[in-house]
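Student: please work out how this folds:
(one chain, ligands or ions: 1)
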Amino acid sequence: MNAPLTDDPDYELFYRQRLANPYPLLARLRDEDPVHFCAPMKTWLVTRYDDVYAGLRDTKRFSTNRDAMYNAPLRPENRERAQPLIENLGTWLLNVDPPDHTRLRRLVNLAFTPRFLQALVPRIESIVDRLVEQTAACDEVDFIRSFSLPLPARVICDMLGIPEADQDRYCRCVEGLLPFSSAAGPGLNDALDEARANLDELHEFFEGLLNERRSDPRDDLLSALVHVEEEGDRLSRAELFGLCVFLFVAGHETTSGMIATGTLALLSHSDQFEKLKANPDDVVDSAVEEIIRYDASVTRGARLALEDFELRGRHIRKGQTVIHLIHSANRDPRQFPEPDRFDITRHPNKHLGFGFGIHFCMGAPLARLEGQIAFKAIARRLGDMTLNSDSFSYKPAMGIRSLEALPVRINEP
Ligand code: HEM
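Tutor: As a prediction, the model looks like this:
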């Protein structure tokens, strides 16, 4: 008889102990209890590909609005102070339901176009060049600090048009909001003061910058967003400010996670790394897709049930949280032959690493572009890099899978 699935009284501890390799547990959940009620988290965990795919696109049964999640655990004396934060989080695309979501996403899409992204290519290449050079100059280095974290941070800042002198401050302030935005339960109260101070600083900073872009537009995303208009409709000040914050939240650690876990996968599967090095231009696109499937950096899509319904014989009640485990769906043998095999030429590869449906990752083309440019440069110029440790720990955050560190040795060719 197997041990119970997730009935450990301290689920988070249970989860953390499996962070390095959650996949055997996820396989058991898929086989034994694919719609599992995790009592300590008071949450449903959905693990099979078909159910995750269907759930992520189901806007009739599910909402992503989190107002109640943020409001309910706040102590009465903290409610007023928390409101500006909750209002800002309420404009983040991922937390908005239709019809507001439809309108907001359409307006943002008018600025965040394929042509705009294509124009970023030389800029991304030059950031990658500089970071590769700095990394190559070391003997031993933490690849996350030297490469995977700074790359998406610089790209997002440049894309938005944050002046170079303010970029570190912007990154620090947005990161200061994360303990609040990702907290659940009473922990929100403890995270409030720091998050509020950072939000106020960001607000002051963007007031000035957005006013400048209004009167003196440049060739950057902030200017494009400020001026975007469709049939007289525009982004409100609150929506603009929300986007300035959310684009960093959505695109930084996620992309860094993909580059770091992808590098780890390549360095620990030398046959696959050799395949990439032999033919980077031809193989890199499918390699990036496989990296996202094999160890997805966004591990879940959380939803709130809008009605009572039944799923695989389990009764889900209105108001309950349902977590669709993306990294489990991406290893489901019902969808992917030999799902635990890392194969950078896998085809077809309909992974759910960027989600699905109306909340499908808006930054997917940018993340793919960054991944393709980064992994080509790694294959060409850091091809002799090796791992400098044989154990790796992951950050305890439950929604994003990112390594604490990736020690590598840069060997002479
Ligand atoms: C490898 C890197 C990335 C991964 C794995 C990833 C993954 C995801 C996933 C799974 C979702 C949907 C979550 C859900 O349905 O609950 C999402 C949404 C989103 N992502 Fe990404 N993302 C990445 C990079 C980026 C980047 C670089 C940006 C922009 C700078 C971005 C912007 C967004 C936005 C705006 C949404 C919300 C879309 C909406 O609700 O309509 N992402 N992402």
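Student: where do the strands sit along the stretch 301-413 of the chain?
Tutor: With strands called from DSSP state E, counting those that start in this stretch, the stretch 301-413 of the chain shows them at 309-311, 314-316, 321-325, 385-387, 407-410.
Student: list the contacts of the residue of the chain found nearest the ligand.
Tutor: Going by CB to the nearest ligand atom, the ligand is nearest to residue 363 of the chain, at 1.9 Å. (Glycine included, C-beta is placed from N, CA and C.) Residues near residue 363 by CB atoms under 8 Å, 6 or more residues apart in numbering: 247, 250-251, 254-255.
Student: mean neighbour count, the strands of the stretch 301-413 of the chain: which tops it?
Tutor: Ranked by mean neighbour count under mean count of other CB atoms under 10 Å, these are led by strand 321-325, which reaches a mean of 23.
Student: quick one: mean pLDDT over that strand.
Tutor: Computed over strand 321-325, the mean pLDDT rounds to 93.
Student: does any part of it sit near the ligand?
Tutor: No: Strand 321-325 lies out of reach of the ligand by CB under 6 Å from any ligand atom, never closer than 7.6 Å.
Student: give me the helices and strands touching that strand, please.
Tutor: strand 43-46, helix 49-56, strand 300-305 (3 or more CB pairs under 8 Å, 6 or more residues apart in numbering; DSSP states H and E).
Student: one more time with 10 Å
Tutor: When contacts are defined as 3 or more CB pairs under 10 Å, 6 or more residues apart in numbering; DSSP states H and E, strand 321-325 sits against helix 23-32, strand 35-38, strand 43-46, helix 49-56, strand 62-63, strand 300-305.
Student: pull the CA atoms of that strand into PDB?
Tutor: Presented in PDB, the C-alpha positions along strand 321-325 are these (Å, rounded to 0.1, in the frame of the first residue of the first chain):
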ATOM      1  CA  THR A 321      -9.900  27.000  -5.500                       C
ATOM      2  CA  VAL A 322      -8.800  24.700  -8.300                       C
ATOM      3  CA  ILE A 323      -5.100  24.500  -9.200                       C
ATOM      4  CA  HIS A 324      -4.300  23.200 -12.700                       C
ATOM      5  CA  LEU A 325      -0.800  21.700 -12.400                       C
END
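Student: pairing partners for it, with directions?
Tutor: Using DSSP bridges, strand 321-325 pairs in its sheet with strand 43-46 (parallel), strand 300-305 (antiparallel).
Student: let me know whether the longest one sits next to the ligand.
Tutor: Yes: for a cut-off given as CB under 6 Å from any ligand atom, strand 300-305 has contacts with the ligand, namely residue 301.
Student: just want the angle from that strand to helix 49-56.
Tutor: 60 degrees (axes from the mean of the first three to the mean of the last three CA atoms, to 10 degrees).
Student: off-centre distance for strand 300-305?
Tutor: How far strand 300-305 lies from its chain's middle: 15 Å, per CA atoms, centre = their mean, to the nearest Å.
Student: if you average the pLDDT over it, what comes out?
Tutor: Here the average pLDDT along strand 300-305 is 94.
Student: now the first one
Tutor: For strand 43-46, the mean pLDDT works out to 92.
Student: how about stretch 125-139?
Tutor: On average, stretch 125-139 scores 97.
Student: now stretch 370-378
Tutor: According to the model, stretch 370-378 has a mean pLDDT of 98.
Student: pull the distance from that stretch to the chain's centre.
Tutor: Relative to the centre of its chain, stretch 370-378 is centred 18 Å away, using CA atoms, centre = their mean.
Student: which parts of the stretch 201-350 of the chain sit against the ligand?
Tutor: So the stretch 201-350 of the chain meets the ligand at 247, 250-251, 254-255, 258, 292, 297-298, 301, 326 (CB under 6 Å from any ligand atom).
Student: any low-confidence regions in this protein?
Tutor: Applying pLDDT under 70 to the chain picks out residues 1-17.
Student: count of neighbours near the residue nearest to residue 372 when sequence neighbours are not counted?
Tutor: Excluding its sequence neighbours, the residue lying closest to residue 372 (CB to CB, 6 or more residues apart in numbering) is residue 284, at 5.0 Å. Counted with other CB atoms under 10 Å, the neighbours of residue 284 add up to 21.
Student: strands of the stretch 101-250 of the chain, start to end?
Tutor: 140-142.
Student: could you pull out the helices for it?
Tutor: Secondary structure of the stretch 101-250 of the chain (DSSP state H, counting those that start in this stretch): helices located at 114-118, 121-136, 143, 150-160, 167-181, 187-215, 221-227, 237-268.
Student: check contacts around residue 334.
Tutor: Neighbouring residues of residue 334 by CB atoms under 10 Å, 6 or more residues apart in numbering: 30, 48-50.
Student: residue 258 now?
Tutor: Per CB under 10 Å, 6+ apart, neighbours of residue 258: 148, 152, 288, 291-292, 295-298, 353, 367-368, 370-371, 374-375, 401-402.
Student: coming back round to it: want to throw the helices and strands packed on strand 321-325 into TSV with mean neighbour count?
Tutor: Below are the helices and strands packed on strand 321-325 laid out as TSV (neighbours: other CB atoms under 10 Å):
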stretch	mean neighbour count
helix 23-32	16
strand 35-38	19
strand 43-46	22
helix 49-56	21
strand 62-63	20
strand 300-305	21
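Student: of these, which approaches residue 264 most closely?
Tutor: Among the helices and strands packed on strand 321-325, the nearest to residue 264 by CB to CB is helix 23-32 (14.4 Å).
Student: how about the helices in the stretch 301-413 of the chain?
Tutor: Remark: helices assigned in the stretch 301-413 of the chain by DSSP H, counting those that start in this stretch are 326-329, 364-381.
Student: looking at it, residue 134 is touching residue 143, isn't it?
Tutor: No: contact criterion CB atoms under 10 Å: residue 134 and residue 143 do not qualify, at 11.4 Å.
Student: and the residue nearest to residue 372, what element?
Tutor: Taking DSSP states H and E as the criterion, residue 284 maps to helix 280-294.
Student: off-centre distance for that helix?
Tutor: Distance, centroid of helix 280-294 to centroid of chain: 18 Å (CA atoms, centre = their mean).
Student: make a markdown table out of the strands of the stretch 301-413 of the chain and add distance to residue 82.
Tutor: Below are the strands of the stretch 301-413 of the chain laid out as a markdown table (distance: least, CB to CB, whole Å):
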| stretch | distance to residue 82 |
| --- | --- |
| strand 309-311 | 32 |
| strand 314-316 | 29 |
| strand 321-325 | 20 |
| strand 385-387 | 43 |
| strand 407-410 | 39 |
